[in-house]
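Enquirer: next one to model:
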Amino acid sequence: MPVSYLRAISETKRTRRANIHLGVSLAFVAGAINAGGFLAVLQYTSHMSGIVSSIADNLVLGNLVALATGLMSVVSFASGAAYSTILINWGRHHRMHSAYAYPLFWEALLLLCFGLLGNSLDQHRTLFTSATVLLLCFIMGLQNAIITKVSNAEIRTTHMTGVVTDIGIEVGKLVYINLGKESARYQPVRANWPRLGVLFALLTAFCGGGAIGAAGFKYVGYVSTVPLACFLVLLAIVPLVDDARTRTRLLLRQRVRTGVRSRRTGDRPAETTPPIA
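Expert: Below is the predicted model of the structure:
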């Protein structure tokens, strides 16, 4: 991928095209994580609607262990979204190019740890399953907050309920029969073809990521998340490097100015006290 493209897709200055490309990329990652995570712990970790419903079910049934797991999953998802928001706002306040790249980088690190340590931790199955659910919920919350803030809540990537609903709305507009001509009193119903294309792209990316994630976990295991982590690093790396270069230049300038000031101070003749008569 060209450096200019990678810079545009995750830097602070946004375009609609960059938002769509980032959204489709993250939908693919979310689908892969969700499907692979299901094979790992037999639970989807991005669907808060289902988890909240299970909380209500387990509360009525008196299943306290499952109830506690559901509550912690919701808290973990919300914590990931909160942490992502903190990173983004911190980056904005410091006028950094990588305000959106930082959460992507953290998501990559968490996935990398999960992929590299999964096989060894799998021996402690009970504890590992609970920790995996919480970790994946945290990652999903973190990722969902990124694209939500980037697109002003227009694009979501970790769940497809809203996407499928919007597709249905646009299809309904498409097949609607307009019986009158456009006028001040009658506005014909027209489908938004660009939006419909974006929605289908998100849905296709999520399904494709799910298929690849499930196949990867089935045949390779936990290490199949490592390529996903590398892909996220690729999306985030250019703005991070840009900020690192900027900070390095500012630090060097500050050191040069400090050195010049110290030399000027050292060249001044020392003040002497006149002798007492």
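Enquirer: so what secondary structure elements neighbour the longest helix along the chain?
Expert: The longest helix of the chain (DSSP state H) is helix 225-267. Counting contacts by 3 or more Cβ pairs under 8 Å, 6 or more residues apart in numbering; DSSP states H and E, helix 225-267 packs against helix 3-10, helix 16-41, helix 101-121, helix 193-219. All C-beta spots, glycine's among them, are computed from the backbone N, C-alpha and C.
Enquirer: quick check: which of those is buried the most?
Expert: Of the helices and strands packed on helix 225-267, the one with the most neighbours on average (mean count of other Cβ atoms under 10 Å) is helix 16-41, at a mean of 22.
Enquirer: so after that helix, what's the next helix or strand?
Expert: Using DSSP states H and E, the helix or strand that directly follows helix 16-41 along the chain is helix 48-61.
Enquirer: so which elements touch the helix or strand following that following helix?
Expert: Moving toward the C-terminus from helix 48-61, the next helix or strand (DSSP H and E) is helix 64-93. Under the contact criterion of 3+ Cβ pairs under 8 Å, 6+ apart, helix 64-93 touches helix 48-61, helix 101-121, helix 125-150.
Enquirer: can these go into CSV with extra columns for distance to Phe28 and mean pLDDT?
Expert: Below are the helices and strands packed on helix 64-93 laid out as CSV (distance: least, Cβ to Cβ, whole Å; pLDDT from 0 to 100):
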stretch, distance to Phe28, mean pLDDT
helix 48-61, 20, 88
helix 101-121, 13, 84
helix 125-150, 11, 83
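Enquirer: so can I have JSON lines of the ones you listed showing distance to Thr258?
Expert: Shown next, in JSON lines, are the helices and strands packed on helix 64-93 (distance: least, Cβ to Cβ, whole Å):
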{"stretch": "helix 48-61", "distance to Thr258": "51"}
{"stretch": "helix 101-121", "distance to Thr258": "29"}
{"stretch": "helix 125-150", "distance to Thr258": "38"}
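Enquirer: indicate which one of those is closest to Leu199.
Expert: Closest of the helices and strands packed on helix 64-93 to Leu199 is helix 125-150, at 14.1 Å (criterion: Cβ to Cβ).
Enquirer: alright, I will stop here.
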